[in-house]
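**Q** Here's my sequence, what's the structure:
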Amino acid sequence: SVYFYLLYLTVEYEDVGLNIITFLPQAVLLLLLTYRFNNIYDVNFSLFCQTLVFVTFNKVVTAQYFLWYFSLLPLILPSLNFSKKDILLGGLLWGFAQGSWLLPAYLLEFKGNNTFLSSGWKVWPSFVRMLEYWQRSSEGTEKCHQ
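**A** Numbering: from 1, shown residues only. Below you'll find the model as predicted:
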């Protein structure tokens, strides 16, 4: 979760303001996506983007959550205009991000190693690159609907 370390550091405090602060970006982005993709032709892409935002900005993220937006990927795939190179590179980046995320989780949960500070630098650069690919796909979709 993007809020993992913040929540880890503040686990002892019961702060309503923190709950609102962590929920606000998700709510704002969902409302903006709803407004931006309100055309009937954009429903599939809107569902995909809203699911991606919901999963990304959720307080708790597990590996299964990625299936939520991957299950919607076939609905938007025909309009993405990705080259084979883009698909391969995106898949490799996603695989690296998953492996980088799941290895520290395994080491923490099954081996008892403290991985709180050592793992974040591995996951986020790959995840950001993957989001850049998704953003590029939205530009392609906009061109298809114009």
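**Q** how about low-confidence regions in this structure?
**A** Counting by pLDDT under 70, the ranges of the chain that qualify are 1, 116-131, 133-135, 137-146.
**Q** Can you list the residue ranges for helices in it?
**A** Residue ranges of the helices in the chain, as given by DSSP state H, are 4-9, 16-36, 43-56, 66-70, 73-76, 84-109, 120-145.
**Q** how about the ones you listed in a markdown table, adding mean neighbour count?
**A** The way it works is simple: take the backbone N, C-alpha and C, and place the C-beta from them, glycine included. Below are the helices of the chain laid out as a markdown table (neighbours: other CB atoms under 10 Å):
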| stretch | mean neighbour count |
| --- | --- |
| helix 4-9 | 12 |
| helix 16-36 | 13 |
| helix 43-56 | 19 |
| helix 66-70 | 15 |
| helix 73-76 | 14 |
| helix 84-109 | 14 |
| helix 120-145 | 15 |
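**Q** Now do residue 9 against residue 66, distance only.
**A** The gap separating residue 9 from residue 66 is 26 Å, by CB to CB, to the nearest Å.
**Q** Residue 72 now?
**A** 11 Å.
**Q** and what of residue 82?
**A** 18 Å.
**Q** How about the contacts made by residue 113?
**A** By CB atoms under 8 Å, 6 or more residues apart in numbering, the residues touching residue 113 are residue 107.
**Q** So it versus residue 63, what's the distance?
**A** 19 Å.
**Q** for residue 103, same thing?
**A** 12 Å.
**Q** just residue 102 next, same as before
**A** 6 Å.
**Q** Not counting its neighbours along the chain, what's nearest the most centrally placed residue in the chain?
**A** Taking CA atoms, centre = their mean, the centroid of the chain lies closest to residue 56, which sits 3.5 Å from it. Leaving aside its sequence neighbours, residue 56 sits nearest to residue 2 (CB to CB, 6 or more residues apart in numbering; 6.8 Å).
**Q** Could you measure from the one you found over to residue 22?
**A** Counting by CB to CB - residue 2 and residue 22 are separated by 9 Å.
**Q** Equivalent analysis for residue 100, please.
**A** The gap separating residue 100 from residue 22 is 23 Å, by CB to CB.
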